[in-house]
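Engineer: Next come a sequence and a model predicted from it.
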Amino acid sequence: MISYKIHLLRTGSTVNDPEKLYVGQSDVPLSGRGRKTLKQMAKELPYPLVEHVYTSPLVRCVQTAEILYPNYQPQLVEGLEDMNLGRFEGKSFDELRDDAYFTCWLEDSFNNTPPGGEKVLDFTQRTTAAFDGVVRQMMRDKVSDAAVVTHGGVIMALMAAIALPRLPIHQWASDNGSGYTLLTNTQMWLRDSCAEAFYLFPNEKDYPPTIS
């Protein structure tokens, strides 16, 4: 039975990172520092050779894919975009601290939604459906090893939904340019929609990762 290895990689840091702005679907590029860090990581760390590269359509993910996999033409996958934060988009904590909706969202983001934004359940369903499309395309095209470049929140939602062993969403945080390696096969995916998590990538440490 064919196995499918998928490397979920988080985008590099953006121009908004130093300003600590809440950025979801705002289409901001990588920062100069973010690009430099990714180039250094690509030079020093063992990113695997893959057969295909998929990416969120947002420019920061496309730029990340082009740096980490310069010899590949990344395929844009609709549905892998980060969460829509509604009126919180592009604003800082200081700008939002007196907003009652923001306070409620910080206290319980699962049950409280940013005004004009996306519910956590809808976000999870959207991203898992997009990832399912990636896996099924890999099966159709007989691609056994691929990279998926997307956002930290998307990776956390996907891992909490599909990864074995089952862990709370906060346990699946990752750094910029890092992520997780998943392994699945046709039966596991079509029957159970799950995959085994066995690396914290690109450090190639044995699973489980040491995340507090």
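Structural biologist: On my side now, so go ahead. Numbers count the residues shown, from 1 in each chain.

Engineer: Give me the below-cutoff pLDDT ranges for the protein.
Structural biologist: 16-19, 203-212 (pLDDT under 70).

Engineer: what are the phi and psi angles of the residue located most distally from the centre of it?
Structural biologist: What lies farthest from the middle of the chain is Asp98; by C-alpha atoms, centre = their mean that is 29.8 Å. For Asp98, the backbone dihedrals (degrees, to the nearest 10) come out as phi -100, psi 10.

Engineer: same question, Phe131
Structural biologist: According to degrees, to the nearest 10, Phe131 has phi -70, psi -40.

Engineer: Wait, it touches Leu158, no?
Structural biologist: Yes - assessed by C-beta atoms under 8 Å, Phe131 is found in contact with Leu158 at 5.6 Å. The way it works is simple: take the backbone N, C-alpha and C, and place the C-beta from them, glycine included.

Engineer: Next up, the contacts around the nearest residue to Ala146 once chain neighbours are set aside.
Structural biologist: Distances taken as C-beta to C-beta, 6 or more residues apart in numbering place His52 nearest to Ala146, at 4.6 Å, with adjacent residues excluded. Taking C-beta atoms under 8 Å, 6 or more residues apart in numbering as the contact definition, His52 lies against 72, 75, 138, 141, 143, 146-147.

Engineer: quick one: contacts for Gly177?
Structural biologist: Gly177 neighbours (C-beta under 8 Å, 6+ apart): 9-10, 12, 37-38, 41, 64, 68, 202.

Engineer: One more: Met139?
Structural biologist: Met139 touches 2, 4, 186, 189, counting by C-beta under 8 Å, 6+ apart.

Engineer: one step back: narrow the contacts of Gly177 to those in strands?
Structural biologist: Filtering the contacts of Gly177 for membership in strands, criterion DSSP state E, returns 9-10.

Engineer: closest to Tyr180 among the contacts of Gly177?
Structural biologist: Closest to Tyr180 out of the contacts of Gly177 is Leu9 (8.7 Å), distances taken as C-beta to C-beta.

Engineer: from what I can see the closest one touches Gly179, true?
Structural biologist: Yes - counting by C-beta under 8 Å, Leu9 touches Gly179, with 4.3 Å between them.

Engineer: Pull up the overlap in contacts between these two.
Structural biologist: Between them, Leu9 and Gly179 share the contacting residues Phe201, judged by C-beta under 8 Å, 6+ apart.

Engineer: ok, back up a step: and the buried ones among the contacts of Met139, selectable in PyMOL?
Structural biologist: For the buried members of those, the matching PyMOL selection, counting by 16 or more other C-beta atoms under 10 Å, is:
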select buried, resi 4+189
